[in-house]
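# Mind looking at a prediction? Sequence and model below.
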Amino acid sequence: MIQVAINGYGTIGKRVADAVREQPDMEVVGVAKTRPNFEAETALEKGFSLYAAIEERADQFAEAGLEIAGPVEDLVDEADVVVDATPSGIGAENKAMYEEYDTPALYQGGEDADLVDVSFNARSNFEDAVDADHVRVVSCNTTGLSRVLAPLREAYGVEKVRATLVRRGGDPGQTSRGPINDILPNPVTIPSHHGPDVETIFDDLDIDTLGMKVPATLMHMHSLNVTLSEEVDASEVRDLFADESRLFLIPERMDIDGSGKLKEYAMDAGRPRGDIWENCIWEESISTVGTDLYLFQGIHQESDVVPENVDAIRAVLGAADAEESIATTDETMGIGL
Ligand SMILES: NC(=O)C1=CN([C@@H]2O[C@H](COP(=O)(O)OP(=O)(O)OC[C@H]3O[C@@H](n4cnc5c(N)ncnc54)[C@H](OP(=O)(O)O)[C@@H]3O)[C@@H](O)[C@H]2O)C=CC1
Ligand SMILES: O=C(OP(=O)(O)O)[C@H](O)COP(=O)(O)O
């Protein structure tokens, strides 16, 4: 069994911990936090061992009546692989610790690409991460773009990508984020960081991205234009996407008009935390004009990278190939709306 440490138990970390626990070939050694709060309490209630990420603050857990298994160094030492899901920039600070204990590490999209050996998306470049020591699972938006582009590149070739990303201002629990009543060009400079980030997955891709932030918490929304290398009928693209387990084509009959109903659907379907691990592509939006393809997709920022982290664990340890890992992850998590 692969022994997995989770350092950073927030939006991404707690979801990765739950997903790892579902895997037949993995166990969660424990999770690390800097302080006691509701997430620390639920981690213990779920049976995860809790480790102190900052030793000097370990007493705070005892004062809150929460049992600590040890310092984060013990967790990293014991594990075969660590998933670092700490806030942006903290992963870079933790890298030396992972190297000291010779534990391969996965970082998240908030870290710089040059921190790692490989930036990762399971559908696009799984093999690049095999036996790598430091791998970055790209951000929610980059994951969403890569999942669509990988099959398009394979089937038709891609000449140029133009994407406008309407980004949620913050996650539902991030009460300090905004905007509350505005629409921000963000980043105002063009291209946004997303295009170069997608190029860490496909180094020969021509892509321009523009970003905005809006007063929403549920999901991001992408407006995508891909110039293909050949003329393709929209129905062919729909068929291509229908074969991809991590692309959900929203059928017209469902009458889902936005992120709100998507989340409602996920909750009705019994998804944990209402998570939507798949890209949500409005089937009616898939259109072609000559070689240009257009579509809208919703991206659930809190959860689409979760199965990617599970696959990255197998990749760095050489525990499965892409097809096998993706199939296991999809089956155990229930991916495929
Ligand atoms: N949320 C999102 O939409 C997405 C985020 N990402 C990326 O994932 C990473 C994590 O983001 P997210 O989960 O949203 O962040 P959160 O803030 O929700 O969670 C991070 C957690 O790490 C804990 N933490 C802080 N400092 C340390 C430390 N030194 N050691 C261990 N734990 C620490 C914090 O909890 P506490 O201090 O209480 O222990 C916090 O809850 C970032 O790189 C982000 O860019 C990627 C895709 C989507
Ligand atoms: O990596 C993300 O978004 P991004 O790809 O738009 O930078 C996550 O949704 C986190 O975004 P945040 O930096 O706005 O919290």
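Sure thing, it's come through. Ligands and ions are numbered 1, 2, ... in the order given.
# Indicate the residue of the stretch 101-250 of the chain located nearest to ligand 1.
For the stretch 101-250 of the chain, the residue positioned closest to ligand 1 under Cβ to the nearest ligand atom is Gly110, at a distance of 2.4 Å. From N, CA and C alone the C-beta is placed, and that goes for glycine too.
# any idea how far the residue of the chain positioned farthest from its centre is from Pro36?
Centroid-distance maximum for the chain: Glu63 at 34.1 Å, with Cα atoms, centre = their mean. Taking Cβ to Cβ, to the nearest Å as the criterion, Glu63 is separated from Pro36 by 8 Å.
# Smallest gap between the chain and ligand 1, at which residue?
Scanning the chain for proximity to ligand 1 using Cβ to the nearest ligand atom identifies Gly10 as nearest, at 1.8 Å.
# What strand or helix carries the closest residue to the residue of the stretch 101-250 of the chain closest to ligand 1 other than its chain neighbours?
Counting by Cβ to Cβ, 6 or more residues apart in numbering, Gly110 lies nearest to Ser88, which is 2.9 Å off, once chain neighbours are set aside. Assigned by DSSP states H and E, Ser88 belongs to no helix or strand.
# since we're on Ser88, how many residues are nearby?
Ser88 sits with 13 neighbouring residues when counted by other Cβ atoms under 10 Å.
# Next up, the contacts around it.
Each residue near Ser88 by Cβ atoms under 8 Å, 6 or more residues apart in numbering is listed here: Gln108, Gly110, Glu111.
# again, but for Tyr156
Shown here is Tyr156, whose contacts under the criterion Cβ under 8 Å, 6+ apart are Leu228, Ser229, Glu230, Val232.
# I'd like to know which residues of the stretch 201-337 of the chain are adjacent to ligand 2.
Those residues of the stretch 201-337 of the chain that sit near ligand 2, judged by Cβ under 6 Å from any ligand atom, are Gln301.
# Which one of the residues in the stretch 201-337 of the chain is closest to ligand 2?
Residue of the stretch 201-337 of the chain nearest ligand 2, by Cβ to the nearest ligand atom: Gln301 (3.8 Å).
# Show the contacting residues for that residue.
The neighbours of Gln301, taking Cβ under 8 Å, 6+ apart as the test, are Cys140, Asn141, Arg168, Asp171, Met219, His220.
# likewise Ala105?
Contacts for Ala105 (Cβ under 8 Å, 6+ apart) come out as Val81, Val82, Val83, Asp84, Gly91, Asn94, Lys95, Tyr98, Asp133, His134, Val135.
# Look at the third one and give its secondary structure.
The three-state assignment at Val83 reads strand, by DSSP: H, G, I helix; E, B strand; the rest coil.
# Tell me, how many residues neighbour it?
Neighbours of Val83 under the rule other Cβ under 10 Å: 26.
# who wins for neighbours among the contacts of Ser88?
Gln108 (26 neighbours).
# ok, that residue touching Thr11?
No - Gln108 is not in contact with Thr11 according to Cβ atoms under 8 Å; the separation is 9.9 Å.
# Just list the residues touching the closest residue to Gly173 other than its chain neighbours, thanks.
If the residues on either side of it in the chain are set aside, Gly173 comes closest to Thr11, at 7.1 Å by Cβ to Cβ, 6+ apart. The contact partners of Thr11, by Cβ under 8 Å, 6+ apart, come to Asp171, Gly173, Glu302.
# Pretty sure Ile2 sits against Ala315.
No - in this structure, Ile2 is not within contact of Ala315 by Cβ under 8 Å, at 11.5 Å.
# Looking at those two, which is more packed in?
Using other Cβ under 10 Å, the more surrounded residue of Ile2 and Ala315 is Ala315, with 29 against 17.
# Can you name the element that comes right after the host helix or strand of the more buried one?
Using DSSP H and E, Ala315 maps to helix 306-317. Scanning the chain past helix 306-317 towards its C-terminal end, the next helix or strand to appear is helix 322-333 (assignment: DSSP H and E).
# Give me the contacts around that next one.
By Cβ under 8 Å, 6+ apart, helix 322-333 touches 19, 22-25, 122-123, 126-127, 245-246, 277, 306-307, 310-311, 314-315, 319-320, 335-336.
# What average pLDDT does stretch 244-252 get?
Looking at stretch 244-252 alone, the average pLDDT works out to 98.
# now do stretch 22-29
If you average the pLDDT over stretch 22-29, you get 98.
# Would you mind pulling the contact partners of that stretch?
Stretch 22-29 is contacted by residues 1-6, 17, 20-21, 48-49, 75, 78-79, 310, 313-314, 319-320, 328-329, 332-333 when judged by Cβ under 8 Å, 6+ apart.
# Same question for stretch 44-60.
Contacts of stretch 44-60 with the rest of the structure, by Cβ under 8 Å, 6+ apart, involve 6-8, 17-18, 28-36, 40, 43, 61, 66-72, 74-75, 86.
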